[in-house]
Structures are given as C-alpha cells and as structure tokens.
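> Using only what follows, build the 3D model:
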Amino acid sequence: PLVHLRALAERHGPLVRFSFLGRRFLLIADPDLGREVLVEKADLFQKAQRDVHILGRFLGNGLLTNAGDAHRRQRKLSQPAFHARRIQAYADVMVEYTAAMIGGWSTGEQRDLAEEMRQLTLYIVAKTLFDADRQQMAGLVASIGVAMRDLQAISDAEFDELVSLPDWLPTPRNRRRQRAVATLAATVRQVVDLRRAQAIDGQPPDKGDLLSMLMLARDDEGQAMDERQLYDELVTIFLAGHETTSNALSWTWYLLMQHPAIEDRLHAEVDSVLGGRLPELADLPRLPYSLRVLKESMRLYPPAWMLNTRESCQPAELSGYTIPAGTQIFVSPYVMHRQAQFFPAPDEFQPDRWTDAFEAALPRYAYIPFGGGPRVCRLRWAWARPRGESRHERRDSDPVGSRRLRRAAGSSGARPARGLLRADRDHLAAPQ
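Next comes the predicted model:
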C-alpha cells in the first residue's frame, strides 16, 4: 500500500479520490489540506467508526478512541502527567534502563535489535507509567510482549479486511485477542489495586509516575476518572508508548547501519558533549546532530505510517471540492514525508537537511511523525528517550554494525488494498 499511495500522490496531486468496492476514499498529500482535516475542521472529519471499533476491542475508550467532549475532558485530565517538570524523572529512567541494557551486551555477539528495543521500551514505560521496576516486570515481559504483538497482528489483519466478525463468535482470532486482553488487564489491574491499597485517607500516593497523575487528576467539577476510564487510559498509554518508540529506534539503527559516515559523526558529537559520562536531560540542546538524525529517521520511517482514517460526518469542502458525507480520508505521514517539493531527494537519509532555515520554511503539516491537531500524540516527550540513549552506541559494543536487525514496521490505520484502487480526482464535486 505504501508504494501505491505514494504513486497516487505523485501522479494525481495533493487531493486524490479513489474507490474500492464502491466505497469513497480520499488521500491527502498536502500540508495545508492535512491541517484543514486534522485541525481546522477536526469536528467534521472525525476518526472513522470502523477504526474506532477495531482499536476499541483492546484499547477500550481511551484517548486514542475517544471523541468529542469526552475526548476533550480526558485529554485535559491527563495533561498533568505530561508537564515539563515530570519529564526529568522520566529521562532519568530512560538513561538508567538503557545503561542496564547495554551493560548486558558482550562484544561480538549478535542481537535482534527490534526485540531489544521492544523490551527496553516496555521496561521504561512500565517504570514511568506504573513505577514498576525491572525486577517486578522481569517475569511479565515475555507474556506482555506476546500479548502486545498478538493485538497488533490481529488489528493489522482486521484493518485489511472488509468486514470484522463480532466478538462473540468463538473464532481462533477472537480467542487469541481475548487471551491477550486478559493478560494486559490482569497486569494493569494488579498495579492499580496495589496503588489504591497504599492510599491514605482515600488519597493515593504520588510516586511521580503517570499512574499517580491520572489517579490524582480532577476535572473542572472536581471529578476523578472512573475505574473503567483509568484502565482504558493506562492500556492506551502502555501500548502507544511502547511500540511506536521501539519502532522509531529500530528504524534509526537500521539507517545508521547503512550510513557509517553519519553514524561516526553521531558518535563524535555524543563523545564530545558527554565525555564518557551518562547523559542528562539538560544535555539535549547540546546534541543538535543527534536530534537531526532522529528527525530524519522518523521522516523516512514514521512509527505510524498512516494516521487513523478520518470520516466526513457531513458534506464538507476541501480545496474547492465538496466531500460527500461518509467519505474515508487518509492522511499518511509516510506519503507526506516523501514529497519532493518539501524534502529534496526524499528517499535519501540526509540528517543535515534539518537546519534552522529548512525547518522555518517547512510547512507545519509537511512533517507529522506525531500526528497533529487535537489528537497529536501526547508522548512527544519521547524525543528525550532516544536522544538519551545515543551515547551508549560505542564501537566496543556496536549494536548497529554487527548485530542482526529485524525490520520493524510501524502501526497504521486502515490500509486500502494495492491494485484495486482507482485514482479519480475529476469525480470530486465542485462546490455550487
């Protein structure tokens, strides 16, 4: 689908209509139109119900699937968990856990970096979300990892299908999903129950983690999240903060493996700034090339190559055309990031393109690795996570040049089938 979608955008322009078995789709390949869909007219172009249904089967009604006033309330309630003053503690965990991972590696051995990154980010998310340390999580990592991979594979398969079977049917896929959901539910509820048992006068302790912030948060009427909403938000953050970050890291190592000169320059900057010590959050502004490497990696391989499908709730106008109600709209970071008019030599890995002047001239929605609008990813602070890890990539334990890296694709929204789409811009209805 990626090759086909990109070809549609290159052949037919920034707004492409295509049909699949009688259903109408639009591909947005222009930053201004992306902003219009994701921000200015977000109420008219909401997440497609099919996407919400598929994701809701294991995420419940968390921020990723919630909508309207309920989404705005939950987003406001979760805001304190992402305040800048909390990020320092998160960054310390990232550095500590990455150092522990590197300390367990030996020169000359082979490692699957995609799996290493999944385990690392799982440990980090568990600590920052639940205050669960490595020892507590050690016995659960394997089962949680299997559950997450099962849920990802099942949702990917369902996005590729025209019809989703109901949950009550005892199909192998439904049973597999139920087992995976039960594994996650047991883990999350165990942590929440333990935290509530530690409450004093009904007030849970603030341990500086995301769980504390969510449990202590109150809305404008002084109401806390109910049990179901708290669970849904925790599972959403747990999954979102784990998989997308591990994918971004894996693709970065994949690119560095192919570009040794860029890797050498990255090491040189890190060694010059840190001088052999572990990094701190305050070091990040002094590592501009490291940030450029990550920005370019996430341009070429955004963790989510397709944002969740938007659907027009009523007839609406885009770029001088009337979009009928029920039209499915795709905004693909992968397609947007490979537009030659914004990114010259778009298929090349060029961290040096990210100068201040380049970024100042770049349209805001030409680069959307975290999405955009009211649903922009709340985990943008994760930029601090990979940057904090870079100093550990040393020649005597080279995870890029000598280790086996298995390709790790990002998660996506709905995926139209290749070869069955019809580009048809002319059939869009001009406004009367």
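> only C-alpha atoms for contact and neighbour calcs from this point on.
OK.
> Please, which helix or strand holds the most centrally placed residue in the chain?
Most central in the chain under CA atoms, centre = their mean is Thr244, positioned 4.0 Å from the mean C-alpha point. Assigning secondary structure by DSSP states H and E places Thr244 in helix 227-258.
> Tell me which residues of that helix come out buried.
For helix 227-258, a neighbour-count test (16 or more other CA atoms under 10 Å) marks 229-257 as buried.
> again, but for stretch 110-123
111, 113-115, 117-123.
> now swap in stretch 31-49 and tell me
31-39, 41-42, 44-48.
> Just the endpoints, please. Distance across stretch 16-27?
5 Å (CA to CA, to the nearest Å).
> Now do it: distance to the chain's middle.
Stretch 16-27 has its C-alpha centroid displaced from the chain centroid by 26 Å (CA atoms, centre = their mean, to the nearest Å).
> And Arg57, how close does it get to Arg177?
For Arg57, the distance to Arg177 equals 9 Å [CA to CA].
> just to revisit the earlier point, and the residue nearest to the centre of the chain, how far from Ala114?
12 Å.
> Pull out the buried residues from stretch 137-152.
Across stretch 137-152, burial judged by 16+ other CA under 10 Å covers 137, 141, 144-145, 147-148, 150-152.
> so can I have a markdown table of those showing secondary structure, pLDDT and distance to Ala224?
Formatted as a markdown table, these follow (DSSP: H, G, I helix; E, B strand; the rest coil; pLDDT from 0 to 100; distance: CA to CA, whole Å):
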| residue | secondary structure | pLDDT | distance to Ala224 |
| --- | --- | --- | --- |
| Met137 | helix | 72 | 28 |
| Val141 | helix | 72 | 30 |
| Ile144 | helix | 80 | 28 |
| Gly145 | helix | 78 | 30 |
| Ala147 | helix | 86 | 29 |
| Met148 | helix | 82 | 28 |
| Asp150 | helix | 88 | 32 |
| Leu151 | helix | 87 | 29 |
| Gln152 | helix | 83 | 30 |
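> nearest to Gln328, of these?
Nearest to Gln328 among the buried residues of stretch 137-152, counting by CA to CA, is Gln152 at 22.1 Å.
> Would you check how far apart the closest one and Ala180 are?
Gln152 is 10 Å from Ala180, by CA to CA.
> just Met306 next, same as before
Remark: distance between Met306 and Ala180 (CA to CA) = 24 Å.
> what residues does the helix or strand encompassing Ile329 touch?
Element membership for Ile329 (DSSP H and E) is strand 328-331. Strand 328-331 is contacted from outside by 24-29, 34, 48, 306-312, using CA atoms under 8 Å, 6 or more residues apart in numbering.
> ok, now with 6 Å
With contacts defined as CA atoms under 6 Å, 6 or more residues apart in numbering, strand 328-331 is touched by 25-28, 307, 309-311.
> What pLDDT does the model give the residue nearest to Glu296 when sequence neighbours are not counted?
Spatial nearest neighbour of Glu296, chain neighbours left out: Pro351 (5.3 Å); criterion: CA to CA, 6 or more residues apart in numbering. Per-residue pLDDT puts Pro351 at 98.
> circling back to that earlier point, pick out whichever of Arg57 and Arg177 has more residues nearby.
Arg177 (23 against 16; other CA atoms under 10 Å).
> What helix or strand is the more buried one located in?
Using DSSP H and E, Arg177 sits in helix 172-197.
> Identify each buried residue in that helix, please.
By neighbour count with 16+ other CA under 10 Å, helix 172-197 contains the buried residues 173-174, 176-178, 180-181, 183-185, 188, 192, 195.
> Make a markdown table out of those residues and add distance to Val95 and pLDDT.
Shown next, in a markdown table, are the buried residues of helix 172-197 (distance: CA to CA, whole Å; pLDDT from 0 to 100):
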| residue | distance to Val95 | pLDDT |
| --- | --- | --- |
| Arg173 | 38 | 90 |
| Asn174 | 38 | 90 |
| Arg176 | 35 | 92 |
| Arg177 | 33 | 91 |
| Gln178 | 35 | 91 |
| Ala180 | 30 | 90 |
| Val181 | 30 | 89 |
| Thr183 | 28 | 88 |
| Leu184 | 26 | 85 |
| Ala185 | 28 | 86 |
| Val188 | 24 | 84 |
| Val192 | 26 | 85 |
| Arg195 | 25 | 86 |
